[in-house]
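Enquirer: here is a sequence together with a model predicted from it:
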Amino acid sequence: MKYEAVIGLEIHSELKTKTKIFCGCATGFGAEQNTHVCPVCLGLPGVLPVVNRRVVEFAIKAGLATNCTINKYSKFDRKNYYYPDLPKNFQTSQYDLPIAEHGYVDIDVDGEKKRIRLTRIHMEEDAGKLVHSGATIKDSASSNVDYNRTGVPLLEIVSEPDMRTAEEARAYMEKIKSILEYIDVSNCRMEQGNLRADVNVSLRPVGQKELGTRTEMKNINSFKSLVEAIDYEIERQTEVLEDGGHIIQETRTFDAAKGITLSMRSKEEAQDYRYMPEPDLPPIITTDEEIEAYRKGLPELPDARRERLETKLGLSSYDAGIITSSRAMADYFDDVLATGADAKLIANWMMGDLAKNLNAEGKTIEYSPIEAKRLGDMINLITKGTISSKIAKDVFAEMWKSKDAPEKIVKDKGLVQITDTNELDSVLDEVITANPKPVADFKSGNKKAIGALVGQVMKKTHGKANPKLVNEMLQKKLS
Ligand code: ADP
Ligand code: ZN
Ligand code: MG
């Protein structure tokens, strides 16, 4: 039998508010253990939470940016469970009345567009962290609890089970990440765990409508792990089914080092959590006016930006897709564009030499040694004919190492393109005398033979001649 995979994601994203969701403690990453705590986030008796309005604002923005309906009446609920990193023994979350519902985002895999529906977006608080003395809990003599992260605001973004392959899941998570970055509500640093996903995977015979039994892999925090965990799980479940077995509904962990998923516990159901309304927090009421104001305040989102780069600036769909995939890259592009540089040349340089150099040094574009303005100035030198595209590569390499303006580098190194016909004249004559064969070929009608001569001139001038001009001058001389 042929099986089809069904995948749904619950993405958790830490919001970049200065303070926690229900108290005034700082949210910063990397502080000394248990220094960002107070009676509220430690769940001490006799204290009351107060919701951080910024969190509600960020949640509504995320909802609008993903085409959700904003619930004008929304409330918090308690999700009850015990774990040492959860001092209150319940997590304040949302259950039946989340802040946003029924949205969608569009993804693009291998040129094919697909719409992935969002079930809901809700607000909740993060739990603390266990810090084991050893590498894992099993080989640790003791564990400390760090409550700095307790009460850090999270959005949980739940998708419908609309994805069919690991690549679709990856594209979906990338799209959510870029939207959150564009609207500036989360840092989305996956390596710091502030964007992570619980991944649900099931199989069903192709053609069957009903969903199969799923397993859930928790806390996947890189795109690589996401793809590997899904592919592994599809393979594992296929084998079980083909051997006539049944999939057990369970929670599994993904071991990134080994690239396999392992059974952790049988899957909990909503009723296991004894959800109940949070009595200490009033409902969140949002008016139409507020929603409209937030909608108006949204920046240009990734899809719209990609559309602009494609239709207004003439970039290929592929280039536009890559450049707008992260806000930092798209902003860099727009900053270069503001210098008046040509859009296609910007794309070529960003995806070529710039990307290559950044990758080689493990840097992201925010830390590019070549700022947008300098790249723009360099591209403008090419367009004006001051330097050839070939020489520009050397100028670029020099700019990478120094803080100098491209004009200065070109002048200091004598890289200005030779556009003076007098200066080129003698070089051309030398080349013609030294290469009788291509000259004869050209004269007898093989027009392509001129390429060899242009090449020789470029070599003699160390790439500084203007190839277009050389070509024209040679044509004149030989006819
Ligand atoms: P929870 O995992 O918290 O119990 P849900 O039942 O709402 O919550 O499902 C969570 C995620 O699992 C959603 O993204 C949903 O699309 C996905 N999902 C639900 N059923 C299946 C299934 N049979 N196969 C794959 N994904 C599923
Ligand atoms: Zn606190
Ligand atoms: Mg789940």
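Expert: Sure thing, it's come through. None of these values were measured; they are calculated from a predicted model. Ligands and ions are numbered 1, 2, ... in the order given.
Enquirer: buried stuff in stretch 81-95?
Expert: Neighbour counts using 16 or more other Cβ atoms under 10 Å place Asp85, Leu86, Pro87, Lys88, Phe90, Gln91, Thr92, Ser93, Gln94, Tyr95 of stretch 81-95 among the buried residues. Backbone N, C-alpha and C define where each C-beta goes, glycine included.
Enquirer: quick one: contacts of that stretch?
Expert: The set of residues that contact stretch 81-95 without belonging to it, under Cβ atoms under 8 Å, 6 or more residues apart in numbering, is 21-22, 41-43, 49, 74-80, 122-125, 127-130, 143, 145, 147, 150, 156, 270, 272-273, 275, 278, 281.
Enquirer: from the residues you listed, which land in helices?
Expert: Judged by DSSP state H, these include no members of helices.
Enquirer: list only those of the residues you listed flagged as buried.
Expert: Burial by neighbour count, judged by 16+ other Cβ under 10 Å, picks out 21-22, 41-43, 49, 74-79, 122-125, 127-129, 145, 147, 150, 156, 273, 275, 278, 281 from the contacts of stretch 81-95.
Enquirer: which among these are in contact with ligand 2?
Expert: Filtering the buried ones among the contacts of stretch 81-95 for neighbours of ligand 2 using Cβ under 5 Å from the ion leaves Cys41.
Enquirer: how about the residue of the stretch 351-479 of the chain at minimum distance from ligand 1, what does it touch?
Expert: Of all residues in the stretch 351-479 of the chain, the one sitting closest to ligand 1 is Thr364 (29.0 Å; Cβ to the nearest ligand atom). Taking Cβ under 8 Å, 6+ apart as the definition of contact, the neighbours of Thr364 are Ala328, Leu358.
Enquirer: equivalent analysis for the one 4 residues further on, please.
Expert: Contacts here follow Cβ under 8 Å, 6+ apart; on that basis Ser368 touches Tyr332, Leu354, Leu358.
Enquirer: go with 10 Å
Expert: By Cβ atoms under 10 Å, 6 or more residues apart in numbering, the contact list for Ser368 reads Ala328, Tyr332, Met350, Leu354, Asn357, Leu358, Glu361, Arg374, Leu375, Trp400.
Enquirer: what's the separation between the last one and ligand 2?
Expert: Trp400 sits 45 Å away from ligand 2, taking Cβ to the ion, to the nearest Å as the criterion.
Enquirer: and what of the third one?
Expert: Here the distance between Met350 and ligand 2 works out to 43 Å (Cβ to the ion).
Enquirer: so that residue, which of the three states?
Expert: helix (DSSP: H, G, I helix; E, B strand; the rest coil).
Enquirer: just the element for whichever residue of the chain sits closest to ligand 1, please.
Expert: Scanning the chain for the residue nearest ligand 1 gives Gly8, at 2.3 Å (criterion: Cβ to the nearest ligand atom). Following DSSP states H and E, the helix or strand that holds Gly8 is strand 3-14.
Enquirer: which element follows that strand toward the C-terminus?
Expert: Next helix or strand after strand 3-14 toward the C-terminus (DSSP H and E): helix 53-65.
Enquirer: got the residues of this protein near ligand 3?
Expert: Contacts of the chain with ligand 3, taken as Cβ under 5 Å from the ion, map to Glu10, Asp198.
Enquirer: from the contacts of stretch 81-95, which land in strands?
Expert: Under the assignment DSSP state E, the contacts of stretch 81-95 contribute 74, 77-80, 122-125, 129-130, 143, 145, 156 to strands.
Enquirer: pull the most distant pair out of these.
Expert: Pairwise distances across the ones in strands among the contacts of stretch 81-95 (Cβ to Cβ) peak at 35.8 Å, for the pair Ser74 and Ser143.
Enquirer: so which strand or helix has Val105?
Expert: Taking DSSP H and E as the criterion, Val105 maps to strand 100-109.
Enquirer: packing partners of that strand?
Expert: If contacts are counted by 3 or more Cβ pairs under 10 Å, 6 or more residues apart in numbering; DSSP states H and E, strand 100-109 sits against helix 53-65, strand 69-70, strand 112-125, strand 153-159, helix 166-182, helix 302-307, helix 317-323.
Enquirer: pretty sure His132 sits against Lys138.
Expert: Yes: contact status for His132 versus Lys138: in contact at 9.0 Å, counting by Cβ atoms under 10 Å.
Enquirer: and for the nearest residue to Glu174 once chain neighbours are set aside, the neighbour number?
Expert: Nearest non-adjacent residue to Glu174, counting by Cβ to Cβ, 6 or more residues apart in numbering: Ser325, 6.5 Å away. Each residue near Ser325 was counted by other Cβ atoms under 10 Å, and the total is 18.
Enquirer: just the element for Ser325, please.
Expert: Counting by DSSP H and E, there is no helix or strand that carries Ser325.
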